[in-house]
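here's a sequence, model it:
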Amino acid sequence: MNRFSSTRMHAKAKGKRHEARVCAVTAVTLAVLTFAFVILPCASAQYRPDDPKPPMLQDIGLDQRLNQQVPLDLVFRDEGGREVKLGDYFGHKPVVLNLAYFTCPMLCNEVMTGMTSALGAVSFTAGRDFTIVTVSIDPQDTTESAAAKRDFYLRRYHRAGADAGWHFLTGDEANIRALADAVGFRYKYDAASRQFAHASGIMVLTPQGRLARYFYGIEYPPRDLKLGLMEASQGRIGSVVDQVLLFCYHYDPGTGKYTPVVMNLVRAGGVLTLLALGTFIVVMVRRDSQTKTRGRAA
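Numbers count the residues shown, from 1 in each chain. Here you go, the predicted structure:
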């Protein structure tokens, strides 16, 4: 074998090793980025650690009953002591509903405070654009305690005309249970502490009384609440810009939140771009290696 042939074979082998290294680095890079941007977020979203509840809390929760019709013929008393039907607050506007009890020492107050703060940051106004209905789960609550709670939170909400749009209701055990069962609100009375154990969250219903959205916890992002009201109103409230914003987000029943639809598209596009870029690099390196080999042969 002459020197020229040996040099040519050496260069060719070197080119192949270089090409293999580039391919390996590209593959590893793509694998890492795919794991970081696609697999890891999906796994994190689906992971649910074991969290056994104490016996007292086994029957406590807030189960989604999306699109279920609530019974509008249920009878309650409003903060003024007048007998009303639940359906009196439906018909034209979406309704924000929360179940609480007016002697609750902590959680109910946190829920209503969070709801009031979130609604205070939304451009829509109770009474004008939507209705708020707060129903006590305690049959022992009185119209006087309902009126006191209403006055407190109306002052906190501080919106003109809201006194016609926020109602605090009391009722008997049968009507309370019927409403709670319809919306999936599971609670239990603890005789030892003389308190109710219950979940924390609020619901948005359509003007016809169908459950549209659930929001969990004690703090509610104003953007999510606004989008929920817009969807429940079937486009009757909200500007053109708001409608575009609604188009860009979708409701995730698993989290009770709105998430950007485009994020999944961006991730998929990013991975495809990286794959295309990696393929381009491999092709260009191979072509460059072949060009150099031909140049030496010439």
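
next, count neighbours for the residue nearest to residue 101 when sequence neighbours are not counted.
Nearest residue to residue 101, sequence neighbours excluded (C-beta to C-beta, 6 or more residues apart in numbering): residue 138, at 3.8 Å. Bear in mind the C-beta positions are built from the backbone N, C-alpha and C, glycine included. Neighbours of residue 138 under the rule other C-beta atoms under 10 Å: 21.

and residue 138, that's in a helix?
No: counting by DSSP: H, G, I helix; E, B strand; the rest coil, residue 138 is not found in a helix; it is coil.

is it correct that it is in contact with residue 103?
Yes: between residue 138 and residue 103 there is a contact under C-beta atoms under 8 Å: 6.8 Å.

circling back: let me see the contact set for the residue nearest to residue 101.
Contact analysis of residue 138 by C-beta atoms under 8 Å, 6 or more residues apart in numbering lists 101-103, 196.

dump these to JSON lines, plus secondary structure.
Output for those, formatted as JSON lines (three-state DSSP):
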{"residue": "101", "secondary structure": "coil"}
{"residue": "102", "secondary structure": "coil"}
{"residue": "103", "secondary structure": "coil"}
{"residue": "196", "secondary structure": "strand"}
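
adding neighbour count, distance to residue 163 and pLDDT, write these out as TSV.
Listed next are these as TSV, based on neighbours: other C-beta atoms under 10 Å; distance: C-beta to C-beta, whole Å; pLDDT from 0 to 100:
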residue	neighbour count	distance to residue 163	pLDDT
101	24	22	95
102	23	18	95
103	16	23	93
196	20	27	93
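
closest to residue 88 out of the residues you listed?
Distance to residue 88, by C-beta to C-beta, is smallest for residue 102 among the contacts of residue 138, at 20.3 Å.

quick check: closest non-adjacent residue to that closest one.
Nearest to residue 102 is residue 145, by C-beta to C-beta, 6+ apart, at 4.2 Å.

contact partners of stretch 126-135?
Contacts with stretch 126-135, where a contact means C-beta under 8 Å, 6+ apart, come from 76, 86, 89-90, 93-100, 112, 115, 119, 124, 149-150, 157, 159, 161-171, 176, 179, 229, 233, 237.
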